[in-house]
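**Q** The following block contains a protein sequence and its predicted model.
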Amino acid sequence: MKEVLSLSIDKLKQIVELKTQIARLQSKLESLAGASPEPVQKVVKKKRTMSAAARKKISLAAKARWAKFHAAKAK
């Protein structure tokens, strides 16, 4: 806020002029492109599911890895 207070009147006038130009150009752009752009719809990814057999297979493989690890550690 202090930066705005320390600006000269000429700088503030330039800022106001630029902002009005930006607003004018944006409205012109919207009129050329259409009234308003359509909102982009969010893509919903389908949740992947795993069969019970696949979960069991993974579980057995993990248990086998841990058994091998604990067997090696016990030696």
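**A** Done, it's in.

**Q** which SS class is Thr49?
**A** Of the three states, Thr49 takes coil according to DSSP: H, G, I helix; E, B strand; the rest coil.

**Q** Spit out the contact partners of it.
**A** Listed by Cβ atoms under 8 Å, 6 or more residues apart in numbering, the contact set of Thr49 is empty. All C-beta spots, glycine's among them, are computed from the backbone N, C-alpha and C.

**Q** pLDDT at it, what is it?
**A** Listed pLDDT for Thr49 reads 91.

**Q** so how far is Arg65 from it?
**A** Using Cβ to Cβ, to the nearest Å, one obtains 24 Å as the distance from Thr49 to Arg65.

**Q** for Lys13, same thing?
**A** Counting by Cβ to Cβ, the gap from Lys13 to Arg65 is 73 Å.

**Q** Ok, Ser27 next?
**A** 64 Å.

**Q** This protein: helices as residue ranges?
**A** 2-5, 9-33, 52-74 (DSSP state H).

**Q** buried set for the second one?
**A** If I follow you right, that is helix 9-33. Within helix 9-33, no residue counts as buried by 16 or more other Cβ atoms under 10 Å.

**Q** same question for that helix, mean pLDDT?
**A** So the average pLDDT for helix 9-33 ends up being 89.

**Q** Give me the helices and strands touching that helix, please.
**A** Packing contacts for helix 9-33, counted by 3 or more Cβ pairs under 8 Å, 6 or more residues apart in numbering; DSSP states H and E, involve no helix or strand.

**Q** 10 Å instead, please
**A** On a contact count with 3 or more Cβ pairs under 10 Å, 6 or more residues apart in numbering; DSSP states H and E, helix 9-33 meets helix 2-5.

**Q** that older thread, reformat the helices of the chain as a markdown table; add distance to Lys42.
**A** Shown next, in a markdown table, are those (distance: least, Cβ to Cβ, whole Å):
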| stretch | distance to Lys42 |
| --- | --- |
| helix 2-5 | 38 |
| helix 9-33 | 22 |
| helix 52-74 | 29 |
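
**Q** Alright, I will stop here.
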